[in-house]
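K.L.:
Got a predicted model here, sequence first, then my questions.
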Amino acid sequence: MGLLNFDVGNPALQDLIAWVDQPPQQQGRDTHGIYFLLTHRDFQLPGGFEEISFHHGLLFFRPGTSPNSPSFQQQHGLSGTGSLVHKKPTNENPFWVRVEVRFRPPGPGRKQVNVAFHLTQDIAGFPSNIIRTVEVDNLTVAPNGFMDMDVSAETERWSLGEFKKRTVLFTPP
């Protein structure tokens, strides 16, 4: 077992974390990552239309600074960057997304998983200005690790899933 030495409450997520919670590889290209797909459904468009956008990228293990702290920001977790798929970026739907998933030990009345993501503008090909930050700890985690997040049930829903084990060069495990 690596740095994350407690049960996150979901066997599929536990397996993914074990895949990335590893010492550094001898060759950087062999570094373990987790492919993700972040889906945003916006129900608040004029005429009742729905818009769906997708970002995909890689998550890597990120050790926490104080794993016994009650604060999610100091816990072990996953961190990564993704890009918009099959759409032209706009101010409301920028090209880059930064995803943070944090886990904390179980405790009475405490949430174990927290997800935060930052939608950022593309300036000179790099993520820069944060347009919007969304942080959710009231989420549903399915048996396969898929995370469904209602930011506002009537207006928008986010989901994080389609997890696949990868190395930096996207070769199968």
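P.N.:
Thanks, I have it.
K.L.:
okay, stretch 65-78 in CSV with CA atoms only?
P.N.:
Included here for stretch 65-78 are C-alpha records, laid out as CSV according to Å, rounded to 0.1, in the frame of the first residue of the first chain:
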residue,chain,number,x,y,z
THR,A,65,0.3,18.0,3.2
SER,A,66,-1.5,16.9,6.4
PRO,A,67,-3.5,13.7,5.8
ASN,A,68,-5.0,13.6,9.3
SER,A,69,-6.4,17.1,8.9
PRO,A,70,-10.2,17.5,8.6
SER,A,71,-9.7,19.9,5.6
PHE,A,72,-10.0,18.2,2.2
GLN,A,73,-7.4,20.5,0.7
GLN,A,74,-4.7,18.9,2.8
GLN,A,75,-5.7,15.3,2.1
HIS,A,76,-4.2,12.8,-0.4
GLY,A,77,-5.9,12.7,-3.7
LEU,A,78,-5.7,12.9,-7.5
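K.L.:
Find the residue at the geometric middle of this structure.
P.N.:
For the chain, Val99 is the residue whose C-alpha lies nearest the centre (C-alpha atoms, centre = their mean; 4.2 Å).
K.L.:
Doesn't it lie inside a strand?
P.N.:
Yes - in this structure, Val99 lies within a strand as judged by DSSP: H, G, I helix; E, B strand; the rest coil.
K.L.:
for the protein, what spans make up the helices?
P.N.:
Residue ranges of the helices in the chain, as given by DSSP state H, are 11-20.
K.L.:
mind showing which ranges of it have poor pLDDT?
P.N.:
1-4, 43-50, 67, 70, 91-92, 122-127, 152-154, 170-173 (pLDDT under 70).
K.L.:
Let me see the ranges of the strands in it.
P.N.:
Per DSSP state E, the chain carries strands over the ranges 32-42, 51-62, 77-85, 96-103, 113-123, 126-136, 139-141, 147-152, 156-167.
K.L.:
which parts of the second one are buried?
P.N.:
I take that to be strand 51-62. Across strand 51-62, burial judged by 16 or more other C-beta atoms under 10 Å covers Ser53, Phe54, His55, Gly57, Leu58, Leu59, Phe60, Phe61, Arg62. Just so you know, the C-beta spots here come from the backbone N, C-alpha and C atoms, and that holds for glycine as well.
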